[in-house]
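*Asks:* Dropping the sequence and predicted coords here.
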Amino acid sequence: MSLDEQLFEPNVIVVGVFGSTNKVSEQDIQDNTLTLILQELGRMPDKVLIPTEGNSSIYIDSWAEALHIKTQTFQADWIRNGKIAQIIRDDRIAKECTHALVFLGQKSTRLEKFAEKLCKKGKTVFTSSHNQTLSQFEMSRCEPSRPSKALTRARKSSKGKEQTLLKFQKKEEC
C-alpha cells in the first residue's frame, strides 16, 4: 500500500457516562473525576454521552458546556420498557462511546460487571466508586471472552458451518 492509499482515521474520543451519584458536589466531581480523566486522556473528548438521571449527569453536562464539548443526553423510557429501560439506554450509550466513565453503586455489582464487559470490547473504562476513588480498567484485568452461542450451535449442526465458525473464532483470538 502506498501512502496515498492508506486511510486516515481520526482518533475520536466519545465518553459515555453510566450510573450516577447524588452524594457528591459538582466541585468534587470536577476535581476528583473529570480533571483526572482529562489528564489521562491528554486532550478534551469530542463528545460526552450522558444519562438523564442523577445529579452527576447535571454536573457533567454543565462542565462539558463550559468547555464547549458536545453533549448528548439519553433518556430511559421507563413506561415503555419497564425494569429493563436502564439496560436498554446503557446499551445505546455503549454502542456509541469509545471511552466510559462508570459510577459504581454501593449495593449492586451490576455496573462493575458492565464496566468489565465494556473493557472486553476494547473500550477505555474509568470507574468511580461510591467514595470517589477513580480507577481505570486495564485489558489484563478483563477476563478472556467465552465461546459464543453461535459457535456452540454450529457444533450441533452441519460440519461445514462448524469449520467456518471455528476459523472465525481463531482469527478473533489472535
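*Replies:* On my side now, so go ahead. Keep in mind that this is a model prediction, so the values were computed, not measured.

*Asks:* Sticking with the residue most central in space within the chain, tell me its helix or strand.
*Replies:* Residue closest to the average C-alpha location in the chain (C-alpha atoms, centre = their mean): Ala100, at 3.8 Å. Under the criterion of DSSP states H and E, Ala100 resides in strand 99-103.

*Asks:* which parts of that strand are buried?
*Replies:* Neighbour-count burial for strand 99-103 flags His99, Ala100, Leu101, Val102, Phe103 (criterion: 16 or more other C-beta atoms under 10 Å). Where you see a C-beta, it was placed from the backbone N, CA and C, and this is true even at glycine.

*Asks:* How about stretch 65-83?
*Replies:* The neighbour-count check on stretch 65-83 (16+ other C-beta under 10 Å) flags Ile69, Thr71, Phe74, Ala76 as buried.

*Asks:* How about stretch 33-46?
*Replies:* For stretch 33-46, burial by neighbour count (16+ other C-beta under 10 Å) applies to Thr33, Leu34, Ile37, Pro45.

*Asks:* just stretch 47-67 next, same as before
*Replies:* Applying a neighbour-count criterion of 16+ other C-beta under 10 Å, the buried positions in stretch 47-67 are 47-51, 53-54, 56-61, 63-64.

*Asks:* what's the span of stretch 40-50 from first residue to last?
*Replies:* The first and final residues of stretch 40-50 sit 20 Å from each other (C-alpha to C-alpha, to the nearest Å).

*Asks:* circling back to that earlier point, could I get the buried residues of strand 99-103 as JSON lines with pLDDT?
*Replies:* Shown next, in JSON lines, are the buried residues of strand 99-103 (pLDDT from 0 to 100):
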{"residue": "His99", "pLDDT": "94"}
{"residue": "Ala100", "pLDDT": "94"}
{"residue": "Leu101", "pLDDT": "94"}
{"residue": "Val102", "pLDDT": "93"}
{"residue": "Phe103", "pLDDT": "91"}
